[in-house]
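Enquirer: Okay, structure incoming, though there's no sequence with it:
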């Protein structure tokens with residue numbers, strides 16, 4: 001079973017404490033030996049999900065939206081990104097160079113195309129830029145990939161998507 005992740009970046013530490021248990025609960029719905037999580041391993045829900053999948057004994061695949069994708073992530077996240085990338089059983093690329101919103105959406109489309117289900121850490125609001133969480137959810141629904149929403153009561157999105 002391949003399960004993908006999309007979610008808002010820039011969530012506060014307080015929201016992370018609310019979201020992580022929800023992600024863990026979603027991951028635990030699957031038999032670990034059959035679970036493959038697919039993620040772009042950006043900071044926030046992408047990485048929290050990948051870490052959760054690995055913690056229960058599942059595998060991860062990584063989608064890299066652009067050759068310069070890592071450069072656009074916060075430097076404080078680079079070690080986590082690198083560690084998760086090293087643990088990937090497969091890595092998928094868009095063949096795009098610049099880490100733009102178009103590249104991010106292309107990466108998300110690849111991710112959605114690979115999975116049986118998508119988990120979205122999403123507040124239900126519109127994306128704050130092309131390729132945001134709402135766009136990925138809409139794409140998944142358009143092509144018939146079931147979406148499970150994780151957005152705990154009390155969570156707020158206080159940074160860009």
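Expert: Ah, there it is. Note that the structure is predicted; figures quoted are calculated from it, not measured. Numbering: from 1, shown residues only.

Enquirer: ok, and the closest non-adjacent residue to residue 151?
Expert: Residue nearest to residue 151 in three dimensions, not counting chain neighbours: residue 123, with 5.4 Å by CB to CB, 6 or more residues apart in numbering. For every residue, glycine as well, the C-beta is placed using N, CA and C.

Enquirer: number of nearby residues for that neighbour?
Expert: The number of residues packed around residue 123, counting by other CB atoms under 10 Å, is 18.

Enquirer: Would you verify that it is located in a strand?
Expert: No. Residue 123 is assigned coil when assessed by DSSP: H, G, I helix; E, B strand; the rest coil, not a strand.

Enquirer: was I right about it contacting residue 15?
Expert: No. Between residue 123 and residue 15 there is no contact under CB atoms under 8 Å: 9.9 Å.

Enquirer: Quickly list what's touching both of the two.
Expert: 155, 156, 157 (CB atoms under 8 Å, 6 or more residues apart in numbering).

Enquirer: With distance to residue 67 and pLDDT as extra columns, can I get those residues in CSV?
Expert: Putting the shared contacts of residue 123 and residue 15 into CSV (distance: CB to CB, whole Å; pLDDT from 0 to 100) gives the following:
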residue, distance to residue 67, pLDDT
155, 33, 92
156, 34, 92
157, 29, 86
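
Enquirer: Buried ones among the residues you listed?
Expert: For the shared contacts of residue 123 and residue 15, a burial check counting by 16 or more other CB atoms under 10 Å picks out 155, 157.

Enquirer: how about the shared contacts of residue 123 and residue 15 in JSON lines, adding distance to residue 30 and secondary structure?
Expert: Formatted as JSON lines, the shared contacts of residue 123 and residue 15 follow (distance: CB to CB, whole Å; DSSP: H, G, I helix; E, B strand; the rest coil):
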{"residue": "155", "distance to residue 30": "23", "secondary structure": "coil"}
{"residue": "156", "distance to residue 30": "29", "secondary structure": "coil"}
{"residue": "157", "distance to residue 30": "27", "secondary structure": "coil"}
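
Enquirer: burial of residue 4, as a residue count?
Expert: When neighbours are counted by other CB under 10 Å, residue 4 comes out with 29.

Enquirer: Note down every partner strand of the host helix or strand of it and its orientation.
Expert: Assessed by DSSP states H and E, residue 4 sits inside strand 2-7. Strand 2-7 pairs in its sheet with strand 36-39 (parallel), strand 117-121 (parallel), by DSSP bridges.
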